[in-house]
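Colleague: using only what follows, build the 3D model:
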Amino acid sequence: MSDAEPEVAPGADIPVDEEARALLERMVATPSPTGEEAAAAAELVDFFESHGREARTDAVGNVRAPADDSLLLTSHVDTVPGDIPVRVEPGEGDESDVLWGRGSVDAKGPLCAMAVAAVRTGVSFAGVVGEEVDSRGARHLVEERDAPDAVVNGEPSGWDGVTLGYRGLAAGRYVCTSESGHTSREDANAIQSAIRWWARVEDRYETDEYEPVFEQVTTKPVAVEGGLTEDGLSVEATMDVQLRVPPALTVEDIREGVVAELEAGTVNWKDAVPPVMVSPRTAVARAFRVAIRDAGGDSRLLRKTGTSDMNVFAGAWDCPMATYGPGDSDLDHAPNEHLPLRDLDRAVAVLERVATDITDQENDD
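Modeller: All right, here's what the predicted structure looks like:
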């Protein structure tokens, strides 16, 4: 029988992070749907000030805690609407305790992991508002401050996953008006024109079923209205649409393609978010691979089919970046949103290691 000590798996000694868990439970218990982030922002400011860090809210409501700009940790304070009773359910056996509540995954889990890592390592932090609607917090941030040396954006990727790519977004409203007339007339009315136009757009971007979704243009109508005007003299139709833009194309490419399918009506463009795909060879990506391995995981490099604030940061700042955070992104906006708290513990440890490695490298340089 061998007297050798039993082998301990990497990361097995990561302790329960009571501070991070307590902050997350307070933040999830503080509702913050888009436009109503002030109370949750105040909780974050209090957390930083309790650790002797300067923190404030800016003109749009972002929480700003400037410090060592070798790295900026940033995630969003707002959530989608939805009342999920906040509770911690104890795990059985080796299973983790689980926190239920709106925002536990998207994105207060990543947000709180970053806040805790920021106070422990002395790097800069920003909790931004409005991500779920128009990224107004991130847009204000890039207008207000210079680029940091590196950025980690907070969204759920799983504690052992790192997101390097997001598709972009082209969003607009189709508007068409036609003269009213008897329904037996052959001429298309505005409603028919809208339907036919959208069918042509869908045909234009039809893809092979085996092509990865990340590389496709996804077409989605999100609101439709139509009918006679109040005076009865015209038929009107409007359709709000969103198209996701893969990195192989630009927002302008998509806009031109959509307009090319018009036979009647016009498209008034609104949101434009460029796609982003960053290299897995940057200092940030390398730091995550090392940190996740040391925490006992095998790192996964991800590409997401939606968009995030990283798209905004990448469009404005020329610095290495990635997106990271605990949580299963399939639970984003879901009625059963919940986060295993052991994943939060690991994510904080990973972020602390990443922040330390990046700041040490910057200081050596």
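Colleague: which parts of the stretch 51-200 of the chain are helices?
Modeller: Listed in chain order, the helices of the stretch 51-200 of the chain (DSSP state H, counting those that start in this stretch) span residues 108-121, 136-144, 190-204.
Colleague: show the average pLDDT along the first one.
Modeller: Summarised as a single mean, pLDDT over helix 108-121 is 98.
Colleague: and the strands in the stretch 1-150 of the chain?
Modeller: 56-57, 63-65, 68-76, 87-89, 98-100, 123-128 (DSSP state E, counting those that start in this stretch).
Colleague: tell me what the longest one is packed against?
Modeller: In this case it means strand 68-76. The helices and strands touching strand 68-76, judged by 3 or more C-beta pairs under 8 Å, 6 or more residues apart in numbering; DSSP states H and E, are helix 108-121, strand 123-128, helix 136-144, strand 151-154, helix 309-316, helix 341-364. Glycine gets a C-beta too; all of them are placed from N, C-alpha and C.
Colleague: in JSON lines, list the helices of the stretch 51-200 of the chain along with distance to Glu95 and mean neighbour count.
Modeller: Listed next are those as JSON lines, based on distance: least, C-beta to C-beta, whole Å; neighbours: other C-beta atoms under 10 Å:
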{"stretch": "helix 108-121", "distance to Glu95": "17", "mean neighbour count": "28"}
{"stretch": "helix 136-144", "distance to Glu95": "35", "mean neighbour count": "19"}
{"stretch": "helix 190-204", "distance to Glu95": "44", "mean neighbour count": "17"}
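Colleague: returning to what we had before: lowest average pLDDT across the helices and strands packed on strand 68-76?
Modeller: helix 341-364 - the lowest mean pLDDT of the helices and strands packed on strand 68-76, at a mean of 93.
Colleague: which parts of that helix are buried?
Modeller: Neighbour-count burial for helix 341-364 flags 341-359, 361 (criterion: 16 or more other C-beta atoms under 10 Å).
Colleague: with stretch 171-190 instead?
Modeller: Neighbour counts using 16+ other C-beta under 10 Å place Ala171, Gly172, Tyr174, Cys176, Thr177, Ser178, Ser180, Ala188, Asn189, Ala190 of stretch 171-190 among the buried residues.
Colleague: biggest separation within those, which pair?
Modeller: Farthest pair in the buried residues of stretch 171-190 (C-beta to C-beta) is Ala171 and Ser180. Separation: 29.7 Å.
Colleague: what pLDDT does the spatially most central residue of the chain get?
Modeller: The residue lying closest to the centre of the chain (C-alpha atoms, centre = their mean) is Ser308, at 3.6 Å. The per-residue pLDDT reported for Ser308 equals 96.
Colleague: and what of Arg289?
Modeller: Looking at Arg289, its pLDDT stands at 97.
Colleague: do Ser2 as well
Modeller: With respect to pLDDT, Ser2 scores 41.
Colleague: what's the answer for Asp94, then?
Modeller: If you check Asp94, the pLDDT there is 69.
Colleague: picking up where we left off before, Leu164: which of the helices of the stretch 51-200 of the chain is closest?
Modeller: Between Leu164 and the helices of the stretch 51-200 of the chain, the shortest separation by C-beta to C-beta is 15.7 Å, and it involves helix 108-121.
Colleague: report all helices and strands that the closest one contacts.
Modeller: helix 18-28, helix 38-50, strand 68-76, strand 123-128, strand 151-154, strand 321-325, helix 341-364.
Colleague: buried stuff in the first one?
Modeller: By 16+ other C-beta under 10 Å, the buried positions in helix 18-28 come out as Glu19, Ala20, Arg21, Leu23, Leu24, Glu25, Arg26, Met27, Val28.
Colleague: wait, the last one sits on Ser104?
Modeller: Yes - if you go by C-beta atoms under 8 Å, Val28 and Ser104 touch, sitting 5.2 Å apart.
Colleague: domain ranges for the protein?
Modeller: Structural domains assigned to the chain are 18-166+276-364, 168-273, following automatic domain parsing.
Colleague: just the ones you listed: most buried one?
Modeller: Highest mean neighbour count of those: domain 18-166+276-364, a mean of 20 (counted as mean count of other C-beta atoms under 10 Å).
Colleague: ok now it, how far from the chain's centre?
Modeller: From the chain centre to the centre of domain 18-166+276-364 is a distance of 9 Å (C-alpha atoms, centre = their mean, to the nearest Å).
Colleague: any low-confidence regions in the stretch 51-200 of the chain?
Modeller: For the stretch 51-200 of the chain, applying pLDDT under 70 flags the ranges 93-94, 182, 184.
Colleague: ah, wrong one, I meant the stretch 201-350 of the chain
Modeller: For the stretch 201-350 of the chain, no range has pLDDT under 70.
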